[in-house]
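# got a sequence here, can you model it:
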Amino acid sequence: MKIIVLHKKIVISILVLCVLFSCFLFHLSKPFSFAVSLTTNSILDDTSKEKIFNLTKQEEKIAYLTFDDGPTLKATGKILDILKEENVKATFFVVGKHVKEHPELVKRAYEEGHYLANHGYHHDNKKLYQSNDSFISEIKNTDIEIGKAIGVDNYCSHVFRFPNGYMSSHYKAKKKEAVKLLQDINYTYIDWNCLNNDSVKKYSNSGLLKNLKKSSKNKGTLVILMHDTNDVNDTSSILKDSISYLREQGYEFRNFYDLY
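Next up is the predicted model:
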C-alpha cells in the first residue's frame, strides 16, 4: 500500500483553490448585482443627465436597445430569452399598470441586468397631462410598482420616456411644462434616433430589419426604439437578426446603467 504524504504548502494551496472555486460558484448563483442604486435617495447628477440627453449625438458606435409599453405575456419573456442568449443588456420603458399585472417579468428583467425605466402608469396622454399633479403621480406610481416587483424600496428610475416621444407634436406645450416637473423630481427624459417601426403598421420580418438598417445608417450611438407588446408586429421574431446586423456593423451593446 502506497502512502502519499502531501507537503503542507500544497495542502494549503489546494484548500485556497477550493475556497476560491466555491466563491466563484456562489457568485454565479446570485442574481445580477448593480453598482448603481436607483432610489428616491439617489441623485442623478448633472454629468449623467447630460450624457443621457446628448446620447444620440455621440459618434461612438454604441447601441442601446430600448423596449416600450410592456411588460406583456405575449412578448416580454421571449425578448428576455433572446437577450440572455445573446448576452445583451437592454432598457425597458415599462408602463405602471402592466408592471402591476406582471411583476414576475419585471423582476426577471431586473435580475438579468436590464434597466427599468419609466413610461408612465397608463400610457394615456389625457391622464398624463391632466394636471401637474397627475403627471407626477403617473411617474411616481409606476416607480412604486417597479419597486414592489423587484423588492427595492423607494425605487426611482430617473429616466422617463414620453408616450409617443417628446419629439411628437402632440401635447407639445404640455411636454415643455413637464420637462420642468421632471427636473423637480430628479428625472430626465430621452427619445430615440433609430427604430424598426414595429408599432406603426404590419411588416414582414425582412421589412422590420430593413427599417432598422435604414434608420441606423451613418449614425454613431444608437438609441433603438422597439416594443415588447406584439400589438402590431412580433419584434422578438427579428431581434436576433437585428442584434447580429448591428454587431456586424461594429456596434457594442450597452444599457442605461453604463451612463452613471
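# every contact and neighbour count from this point should use C-alpha atoms.
Noted.
# report the beta-bridge partner residues of the residue nearest the centre of the chain.
Ranked by distance to the mean C-alpha position of the chain (C-alpha atoms, centre = their mean), the top residue is Thr91 at 1.1 Å. Here Thr91 sits in beta bridges with Thr66, Tyr115, going by DSSP bridges.
# I'd say it and Asp69 touch.
No - with contact defined as C-alpha atoms under 8 Å, Thr91 does not count as touching Asp69 (11.7 Å).
# and the contacts of stretch 41-56?
Stretch 41-56 has contacts (C-alpha atoms under 8 Å, 6 or more residues apart in numbering) with 154, 158, 186-190, 192-193, 220-223, 259-260.
# Gln249: which of those residues is nearest?
Gly220 (10.6 Å; C-alpha to C-alpha).
# which residue packs closest to that closest one, ignoring adjacent ones?
Leaving out its chain neighbours, the residue that sits closest to Gly220 by C-alpha to C-alpha, 6 or more residues apart in numbering is Glu59, at 4.1 Å.
# and that neighbour, that's in a helix?
No - secondary structure of Glu59 (DSSP: H, G, I helix; E, B strand; the rest coil): coil, not part of a helix.
# any idea how far Lys217 is from it?
12 Å (C-alpha to C-alpha, to the nearest Å).
# over to Asn154?
Taken as C-alpha to C-alpha, the span from Asn154 to Lys217 is 40 Å.
# Ile62: what's it in contact with?
220-222, 251-254.
# bridged to it, which residues?
Those that pair with Ile62 in a beta bridge, by DSSP bridges, are Glu252.
# tell me the pLDDT of it.
You'll see Ile62 listed with a pLDDT of 98.
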